[in-house]
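S.K.: Please find the sequence and the predicted model below.
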Amino acid sequence: MNDLDALLTPEGRALLHEVRDTAPADELAVATRLRREHPAVLVSAALGQARLRQRAAAKFSAEDAERMFFTPNGVEQSTRATVAAYRARRFEELGVTSVADLCCGIGGDAIALARAGIRVLAVDRDPTTAAVARANADALGLADLIEVREADVTEVDVSSYDAVFVDPARRGGRGRIFDPEAYSPPLSWAVRTALAAPRAALKVAPGIPHEAVPAEAEAEWISDGGDVKEAVLWFGTSPGAVRSTLLPGPRTLLSRGLPDPGVRSVGRYLYEPDGAVIRAHLVAEVAEEVGGGLVDETIAYVTSDELRPTVYASAYEITDQLHFSVKRLKALLREREVGVLTVKKRGSAVEPEELRRKVKPQGPHAATVFLTRVAGAPTMLIGRPA
């Protein structure tokens with residue numbers, strides 16, 4: 001809190017501007033120089049905030065990150081801006097004009113909601129985090145739409161809001177928390193709160209078991225640029241629906257309740273479904289779209305004899321199918337003069353870097369090798385993007 005207060009002064013803001021592009025290797029020299037004219041504590045706070053802003057640029061736009069304030073946990077745990085903006089658009093499309101953002105953190109979701117024209121009550125019980133969220137709303141010119149309140153979210157009356165958004169803490173002293181009831185607050189409390197609201201969205205870990213999804217919820221898995229970011233449980237939309245959404249886009253694939261696809265021999269093409277599709281258990285929908293089947297009943301690789309491009313999976317043309325053998329792979333790569341080797345795996349214990357080190361690829365050509373199982377047998381599939 002003291003650091004934030006100091007950085008919000010004219011001297012602190014000027015210092016932040018001065019150190020914004022400081023490289024890590026130059027920090028000591030810059031700090032030594034600045035401490036001749038500014039308090040040492042303020043210089044350290046400014047340099048620390050500059051580091052956080054540089055890290056935050058990967059989640060927020062560089063323009064926003066340069067104006068915002070961060071905590072280490074806030075940078076780590078905040079929603080990526082593209083994902084927050086997508087969720088805000090969904091709220092807007094549902095006719096929502098006000099949202100109670102519970103466990104708001106440094107305000108990333110509140111900012112996206114406010115930019116969609118939605119009035120936000122942002123609540124966090126940590127004094128420093130709430131102060132940072134308030135500073136960010138002010139820094140981005142959104143203070144008129146965002147009210148930040150330092151409070152226990154379980155004690156806040158949200159009955160006057162159109163919707164509730166809950167982002168429970170999913171990290172503890174020992175790292176990630178996988179049991180939804182160990183979230184803070186627990187998922188059961190968040191569900192009760194959601195059911196009492198006209199609309200609601202609960203952000204949960206993408207690894208949440210499907211059986212833990214309440215019957216009243218719509219479950220959505222979201223990826224951004226191919227990386228699975230989160231799952232969201234929506235209430236007041238389509239109970240029981242399952243979807244995967246790929247950003248940018250958005251591109252949304254809805255479950256059609258298809259049975260598991262059958263297993264078939266490896267065809268000319270291999271399709272690697274997006275991680276959000278796999279998490280949402282929608283591989284069958286992709287298989288139907290490309291006219292394919294699985295290479296193994298336990299592996300989420302789809303194979304087909306024809307190329308049918310789809311945004312929900314990456315397609316590869318397969319040139320070789322081999323039983324797993326480092327020696328055989330090394331010989332094939334040497335024969336093909338492959339120097340750029342991409343290693344993907346699913347259902348294999350082999351580490352890609354270890355394999356790459358053993359085969360020592362050399363040459364002007366590129367290839368992709370899939371380490372997987374085909375009909376239960378350890379297999380290597382070699383190919384290239386289609």
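M.R.: On my side now, so go ahead. None of the values given here were measured: they were computed from a predicted structure.
S.K.: need the helices for the stretch 151-300 of the chain, in chain order.
M.R.: All helices of the stretch 151-300 of the chain, identified by DSSP state H, counting those that start in this stretch, fall at 187-195, 275-279, 283-290.
S.K.: mean pLDDT lowest for which of those?
M.R.: Averaged per stretch, pLDDT over those is lowest on helix 187-195, reaching a mean of 94.
S.K.: Can I get it in CSV, CA atoms only?
M.R.: In CSV, the C-alpha atoms belonging to helix 187-195 read as follows (Å, rounded to 0.1, in the frame of the first residue of the first chain):
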residue,chain,number,x,y,z
LEU,A,187,-17.0,-23.5,-5.9
SER,A,188,-20.2,-24.6,-4.0
TRP,A,189,-20.5,-21.1,-2.6
ALA,A,190,-20.0,-19.6,-6.0
VAL,A,191,-22.6,-21.8,-7.5
ARG,A,192,-25.2,-20.9,-4.9
THR,A,193,-24.4,-17.2,-5.5
ALA,A,194,-24.8,-17.8,-9.3
LEU,A,195,-28.1,-19.5,-9.0
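S.K.: For that helix, name the packing helices and strands.
M.R.: With contacts taken as 3 or more C-beta pairs under 8 Å, 6 or more residues apart in numbering; DSSP states H and E, helix 187-195 sits against strand 163-166, strand 199-204, strand 227-235. For glycine as for every other residue, the C-beta is placed from the backbone atoms N, C-alpha and C.
S.K.: for the helices of the stretch 151-300 of the chain, which one ends up most surrounded?
M.R.: Sort the helices of the stretch 151-300 of the chain by mean neighbour count, taking mean count of other C-beta atoms under 10 Å, and helix 275-279 sits at the top with a mean of 23.
S.K.: now that one, how far from the centre of its chain.
M.R.: Relative to the centre of its chain, helix 275-279 is centred 12 Å away, using C-alpha atoms, centre = their mean, to the nearest Å.
S.K.: Mind listing residues that contact that helix?
M.R.: The contact list for helix 275-279, computed with C-beta atoms under 8 Å, 6 or more residues apart in numbering, reads 206-207, 221-223, 226-228, 231, 244-246, 253, 283, 285-286, 300, 312-313.
S.K.: about what we covered before: output the helices and strands packed on helix 187-195 as JSON lines; include the columns distance to I106, mean neighbour count and mean pLDDT.
M.R.: Formatted as JSON lines, the helices and strands packed on helix 187-195 follow (distance: least, C-beta to C-beta, whole Å; neighbours: other C-beta atoms under 10 Å; pLDDT from 0 to 100):
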{"stretch": "strand 163-166", "distance to I106": "15", "mean neighbour count": "28", "mean pLDDT": "98"}
{"stretch": "strand 199-204", "distance to I106": "15", "mean neighbour count": "25", "mean pLDDT": "96"}
{"stretch": "strand 227-235", "distance to I106": "17", "mean neighbour count": "21", "mean pLDDT": "96"}
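S.K.: mind checking how far V286 is from V263?
M.R.: According to C-beta to C-beta, to the nearest Å, V286 stands 15 Å off from V263.
S.K.: A366 too?
M.R.: Separation of A366 from V263 (C-beta to C-beta): 29 Å.
S.K.: what do you get for Q362?
M.R.: Distance from Q362 to V263, counting by C-beta to C-beta: 36 Å.
S.K.: Check the model's average confidence along the helix or strand hosting K344 for me.
M.R.: Taking DSSP states H and E as the criterion, the element that holds K344 is strand 338-345. The pLDDT scores in strand 338-345 average 95.
S.K.: got it, and stretch 138-148?
M.R.: Taken as a whole, stretch 138-148 has a mean pLDDT of 97.
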